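>>> The following comprises the amino acid sequence and a computationally predicted model.
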Amino acid sequence: DVKVTQSSRYLVKRTGEKVFLECVQDMDHENMFWYRQDPGLGLRLIYFSYDVKMKEKGDIPEGYSVSREKKERFSLILESASTNQTSMYLCASSLSLVGGYTFGSGTRLTVV
Amino acid sequence: GQQLNQSPQSMFIQEGEDVSMNCTSSSIFNTWLWYKQDPGEGPVLLIALYKAGELTSNGRLTAQFGITRKDSFLNISASIPSDVGIYFCAGQLKGGSEKLVFGKGTKLTVNP
C-alpha cells in the first residue's frame, strides 16, 4: 500500500516562528499536494507539485511556501506563523487520478 | 476555486438505518471519488467512479456517477457505529488537471 507520512501529528508554535511541515511518500508518485482543513470549510488546496522542483499555487497560498527537492518529499513552510494558520494540515500524493489521492494522517498545528 | 455542493452537512442517525448523501455541481466531471475521514486521521478513498451512469459498491457502500456527469451520490446501508466520520466527495473537472475539487463534507454520527 502507498504510504504518505507526515512528520508530526501535533505541533504547537509561537506567532512569528518559521514552521516546517514535512511529508514523505514511498510509492514514487509524481503529484503531491498540501491542504488545510477547517470546520465548515472543507479541504482547501494550498500548494501542489507535479514534479521535483516544480510548484503551483492552490486556492489559498498566502502566508505559505513549499519545497520539493526530492520526488518523495514535499515540505510546507509557514514563513512567519500567525494564529489564523491554526488548522489541520493534510498532505496527499497521487500517480494519476486513477485511484485518487492518498492522504497522510494530518498535522494539527496550533499557533499561539 | 470550483466548488462541489455536498449535502447534507451533517446527519445524526440510529444504528441500522440507511444513509444517503450527494454532491452536485454546475460543471461536468470526468471522475468522482468518495472519501471517508475518521476522527483525527486523513481521508481514505472508499469508491472511485469513472463513467457516467456507473454504479459501484464496496461492501455496504454504493456510489453512482450521475448521468449528467454533474452529480454523484453515496449510500450506506445498515449503518454501524464505525461508520462515524466525515465523508467527502471529490471530482476531476472535464478538461481539468490532476487537481481534485472537494466537497465540504458530510459529518455522520451513528447512535448505537
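Alright, I've got the coordinates. Residues are numbered from 1 along each chain as shown, chains lettered A, B, ... in the order given.
>>> What residues does chain B have near chain A?
Neighbours of chain A within chain B, by C-beta under 8 Å from any C-beta of the partner chain: B:1, B:31, B:33, B:35, B:40-45, B:48, B:50, B:88, B:90, B:92, B:98-100, B:102-105. Every residue, glycine included, has its C-beta placed from N, CA and C.
>>> Pull the residues that contact the helix or strand harbouring residue A:92.
Assessed by DSSP states H and E, residue A:92 sits inside strand A:87-94. Under the contact criterion C-beta atoms under 8 Å, 6 or more residues apart in numbering or on different chains, strand A:87-94 has outside partners A:2, A:4, A:6, A:21, A:23, A:25, A:27, A:29-38, A:43, A:74, A:76, A:100-104, A:106-109, B:42-43, B:98.
>>> re the thing from before, and the residues of chain B next to chain A, which are buried?
B:31, B:33, B:35, B:42-43, B:45, B:48, B:88, B:90, B:92, B:99-100, B:102-105 (16 or more other C-beta atoms under 10 Å in any protein chain shown).
>>> Buried ones among the contacts of strand A:87-94?
A:4, A:6, A:21, A:23, A:25, A:29, A:31-37, A:43, A:74, A:76, A:100-104, A:106-109, B:42-43.
>>> For chain A, which residues are neighbours of chain B?
A:4, A:31, A:33, A:40-43, A:45, A:48, A:50, A:58-59, A:90, A:92, A:94, A:96-106.
>>> if you set the cut-off to 7 Å instead, what comes out?
A:31, A:41-43, A:45, A:48, A:50, A:59, A:90, A:94, A:96-97, A:99-101, A:103-106 (C-beta under 7 Å from any C-beta of the partner chain).
>>> I'd like to know which of these are part of strands.
Using DSSP state E, A:31, A:42, A:43, A:45, A:48, A:90, A:94, A:103 are the members of the residues of chain A next to chain B that sit in strands.
>>> mind putting those in TSV, pLDDT included?
As requested, these are exported to TSV (pLDDT from 0 to 100):
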residue	pLDDT
A:31	92
A:42	89
A:43	92
A:45	93
A:48	93
A:90	97
A:94	90
A:103	95
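>>> The most centrally placed residue in chain A is in what secondary structure piece?
In chain A, the residue lying closest to the centroid (C-alpha atoms, centre = their mean) is residue A:34, at 3.0 Å. Counting by DSSP H and E, the element that carries residue A:34 is strand A:31-38.
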